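S.K.: Provided below are the primary sequence and the corresponding predicted coordinates.
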There are 2 protein chains.
Amino acid sequence: MNDLFLSHKTIRKYNEQKIDKITLDKILNAGIRASTTGNMQVYSIIVSTEKDIKQSLWECHFKQNMVLQAPVILTFCADFNRFNKWCDYRKANPGYDNFLSFYTASIDALLVAQNVALAAENEELGICYLGTTTYNANKIIEILKLPKYVVPVTTLVVGYPDENPSLTDRLPLSGVVHYEQYHDYSEKLINEIYSEKESLSQTKDLIAQNQTENLAQIFTQKRYTKKDNVLFSKAFLKVIEEQGFMNNAL
Amino acid sequence: MNDLFLSHKTIRKYNEQKIDKITLDKILNAGIRASTTGNMQVYSIIVSTEKDIKQSLWECHFKQNMVLQAPVILTFCADFNRFNKWCDYRKANPGYDNFLSFYTASIDALLVAQNVALAAENEELGICYLGTTTYNANKIIEILKLPKYVVPVTTLVVGYPDENPSLTDRLPLSGVVHYEQYHDYSEKLINEIYSEKESLSQTKDLIAQNQTENLAQIFTQKRYTKKDNVLFSKAFLKVIEEQGFMNNAL
């Protein structure tokens, strides 16, 4: 079991094998056992398998081929719609149209997603998280017909792997764990923590391909630029507001 | 392994047994294998074991006894400080002082947290998530000396269980999963989905104790009130801004 945690690899190529209903239900059932705030379960999971819907989602996810290739796309949503409706039908007055409630529901959805990811890997399935979910949340809301109080927060591509990549590097444990209180990072410590990553042959290849001086510049200039981040920040905040989660007043 | 997912129980009483370093490192190492955005690992984990720090954290977490009882408190933080410092030392210009970056780092931290939770349970440890982390993030920042670009997003209490509660209920899978697109909830469907939860004997006891008409009113009137949510929304948004994540302009 410990191997399951240590052997996670992101899969970007999938074969044509479908996922049978028993296996799909098994991984979804593993998902819903995750802890949620006050056991409110303020999330929803949208299972997409149809060609047309996957084609539309593919556009939102920067046209990454695996979205078309993999048999199942799972969109995890922060969802207070169901809970609010329950309250309404029970003459309870829900006060969940605010940012804290959105963030609480996001936590619920993300813990469920990680349970599903591990349970899928335990069934020999491969997974890939799509960070593009928040970038194009407005389009995903249209495609999946998400009502008010529902916001997509992450997506899992799920299917049987058609590749077997090697494990990706991680910073050393001491680089991300702090004992008792936060110890800030000196230049010396940064150099130590990042030395393995920076000395990988793949890193050198990436730098040559991208024509930057170093790996950090690939992130800031190519992959996650300030311009894109600002654009997506505005778009995502607008979505949170439009979906009903920014009424932070009594 | 599948049993691990299905047998999760939140533990609120812990015995005096410490967690040895090998076991702690094992569950933290399981954590850092989780997927993160672009493998940036923009999170940090703060391990608190000292009495004084736990006492201060206990105050933030509504004085829940388990925070003092359990040997280890893990605070998971969205952290762009380390990544920004790396960029600075590499003459790369980080553009991560915006809301999208905060949310991205939150996702990273939460997926890591759930890996740690499951790995802990796999070692016969018990866990409890503390939603109070976002409510009192400003105080936690002071206690744990979190610098700019670091925000605590969730906390795990970890220790050896001194209770063996029964599994808590969940809504039926069909109540939280949607196929292809979102199906909204009719009153009939809400009644069906919530019928098991509402008919539990514990639910009836809770309603009697709280002197409300039904379970939904316990949530809206006692546990998660609009007044508290608005207060915590404002406080948490202020923290996000103060920690440097609300510069959503070019």
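M.R.: Yep, it's here.
S.K.: element containing residue A:157?
M.R.: Using DSSP states H and E, residue A:157 maps to strand A:150-159.
S.K.: looking at it, residue A:6 is touching residue B:31, isn't it?
M.R.: No. Taking contacts as Cβ atoms under 8 Å, residue A:6 lies outside contact range of residue B:31: 10.8 Å. (Glycine included, C-beta is placed from N, CA and C.)
S.K.: Show me what the strand holding residue A:157 is packed up against.
M.R.: Counting by 3 or more Cβ pairs under 8 Å, 6 or more residues apart in numbering or on different chains; DSSP states H and E, the packing neighbours recorded for strand A:150-159 are helix A:66-69, strand A:72-79, helix A:99-122, strand A:126-130, helix A:132-135, helix A:137-143.
S.K.: can you map out the helices along chain A?
M.R.: A:2-6, A:21-31, A:51-60, A:66-69, A:81-89, A:99-122, A:132-135, A:137-143, A:173-176, A:187-199, A:201-210, A:215-218, A:226-242 (DSSP state H).
S.K.: Could you report the distance from residue A:217 to residue B:98?
M.R.: Distance, residue A:217 to residue B:98, using Cβ to Cβ, to the nearest Å: 19 Å.
S.K.: Among these two, which residue is more densely surrounded?
M.R.: residue B:98 (26 against 18; other Cβ atoms under 10 Å in any protein chain shown).
S.K.: quick one: contacts for that one?
M.R.: Taking Cβ atoms under 8 Å, 6 or more residues apart in numbering or on different chains, we find residue B:98 in contact with A:226, A:229-230, A:233, B:245-248.
S.K.: Count residues in the vicinity of the residue nearest to residue A:35 when sequence neighbours are not counted, would you?
M.R.: Nearest residue to residue A:35 in three dimensions, chain neighbours excluded: residue B:129, at 4.8 Å (Cβ to Cβ, 6 or more residues apart in numbering or on different chains). Residue B:129: 21 surrounding residues under other Cβ under 10 Å.
S.K.: domain assignment for chain A?
M.R.: With domains defined by automatic domain parsing, chain A comprises A:2-165+A:238-242, A:173-223.
S.K.: For chain A, which residues score under the pLDDT cut-off?
M.R.: Low-confidence segments of chain A (pLDDT under 70): A:1-2.
S.K.: How about residue A:92: what's its closest non-neighbour residue?
M.R.: residue B:216 is the one closest to residue A:92 (Cβ to Cβ, 6+ apart), at 3.8 Å.
S.K.: ok, residue A:171 to chain B distance?
M.R.: Noted for residue A:171: a distance of 6 Å to chain B, by Cβ to the nearest Cβ, to the nearest Å.
S.K.: what's that residue in contact with, if anything?
M.R.: A:193-194, A:197, B:32, B:41.
S.K.: Could you dump those into CSV with neighbour count added?
M.R.: Shown next, in CSV, are the contacts of residue A:171 (neighbours: other Cβ atoms under 10 Å in any protein chain shown):
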residue, neighbour count
A:193, 20
A:194, 23
A:197, 19
B:32, 22
B:41, 24
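S.K.: can you tell me which two in these are farthest apart?
M.R.: Taking Cβ to Cβ, the two most distant members of the contacts of residue A:171 are A:194 and B:32; they sit 14.7 Å apart.
S.K.: Of the domains of chain A, flag the one that's most buried.
M.R.: Looking across the domains of chain A with neighbours counted as mean count of other Cβ atoms under 10 Å in any protein chain shown, the highest average goes to domain A:2-165+A:238-242: a mean of 20.
S.K.: that older thread, ok, and the most crowded of the contacts of residue B:98?
M.R.: residue B:245 (27 neighbours).
S.K.: ok, that one - contacts?
M.R.: By Cβ under 8 Å, 6+ apart, the neighbours of residue B:245 are B:80, B:97-99, B:101-102, B:149, B:151.
S.K.: Now it. Its backbone dihedrals?
M.R.: The phi/psi pair for residue B:245 (degrees, to the nearest 10) reads phi -110, psi 20.
S.K.: residue nearest the centroid of chain A?
M.R.: residue A:154 (3.4 Å; Cα atoms, centre = their mean).
S.K.: contacting residues for it?
M.R.: Counting by Cβ under 8 Å, 6+ apart, residue A:154 has contacts A:75-76, A:109-110, A:113, A:129-131, A:133-134, B:107.
S.K.: What separation do you get for the spatially closest residue to residue A:244 that is not a sequence neighbour and residue A:141?
M.R.: Leaving out its chain neighbours, the residue that sits closest to residue A:244 by Cβ to Cβ, 6+ apart is residue A:148, at 4.5 Å. Distance of residue A:148 to residue A:141, computed by Cβ to Cβ: 10 Å.
S.K.: What of residue A:68?
M.R.: Distance from residue A:68 to residue A:141, by Cβ to Cβ: 21 Å.
S.K.: again, but for residue A:194
M.R.: Counting by Cβ to Cβ - residue A:194 and residue A:141 are separated by 38 Å.
S.K.: Likewise for residue A:124?
M.R.: From residue A:124 to residue A:141 the distance is 33 Å (Cβ to Cβ).
S.K.: Same check on residue A:113?
M.R.: 18 Å.
S.K.: ok, back up a step: so what sits against both of residue A:148 and residue A:141?
M.R.: Common neighbours of residue A:148 and residue A:141 (Cβ under 8 Å, 6+ apart) are residue A:243.
S.K.: farthest residue from the center of chain A?
M.R.: residue A:91 (34.8 Å).
S.K.: Spatially nearest residue to residue A:83 (excluding sequence neighbours)?
M.R.: Leaving out its chain neighbours, the residue that sits closest to residue A:83 by Cβ to Cβ, 6+ apart is residue A:42, at 5.4 Å.
S.K.: What is the burial count for residue A:170?
M.R.: 17.
S.K.: show me the contacts for it.
M.R.: By Cβ under 8 Å, 6+ apart, the residues touching residue A:170 are B:32-33, B:39, B:41.
S.K.: Could you rerun that using 7 Å?
M.R.: B:32-33, B:41 (Cβ atoms under 7 Å, 6 or more residues apart in numbering or on different chains).
S.K.: what does residue A:172 give?
M.R.: residue A:193.
S.K.: For it, give me phi and psi.
M.R.: phi -60, psi 150.
S.K.: Residue A:247 versus that one, what's the distance?
M.R.: Counting by Cβ to Cβ, the gap from residue A:172 to residue A:247 is 44 Å.
S.K.: same thing with residue A:69?
M.R.: 41 Å.
S.K.: Let me see the contact set for residue A:81.
M.R.: A:147-150.
S.K.: Quick check: nearest residue in space to it, chain neighbours excluded?
M.R.: Using Cβ to Cβ, 6+ apart, the nearest residue to residue A:81 is residue A:149, at 4.2 Å.
S.K.: separation between the one you found and residue B:70?
M.R.: Distance from residue A:149 to residue B:70, counting by Cβ to Cβ: 34 Å.
S.K.: same question, residue A:132
M.R.: Residue A:132 is 38 Å from residue B:70, where distance means Cβ to Cβ.
S.K.: Check residue A:89 too.
M.R.: Taken as Cβ to Cβ, the span from residue A:89 to residue B:70 is 38 Å.
S.K.: before we move on, what about residue A:170?
M.R.: Taking Cβ to Cβ, one finds residue A:170 at 27 Å from residue B:70.
S.K.: Repeat that for residue A:161.
M.R.: Using Cβ to Cβ, one obtains 38 Å as the distance from residue A:161 to residue B:70.
S.K.: same question, residue A:221
M.R.: Taking Cβ to Cβ, one finds residue A:221 at 44 Å from residue B:70.
S.K.: about what we covered before: could I get the contacts of residue A:170 as CSV with distance to residue B:23?
M.R.: As requested, those are exported to CSV (distance: Cβ to Cβ, whole Å):
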residue, distance to residue B:23
B:32, 16
B:33, 16
B:41, 22
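S.K.: if we can go back for a sec, quick check: beta-bridge partners of the residue nearest to the centre of chain A?
M.R.: Residue A:154 has the following beta-bridge partners by DSSP bridges: residue A:76.
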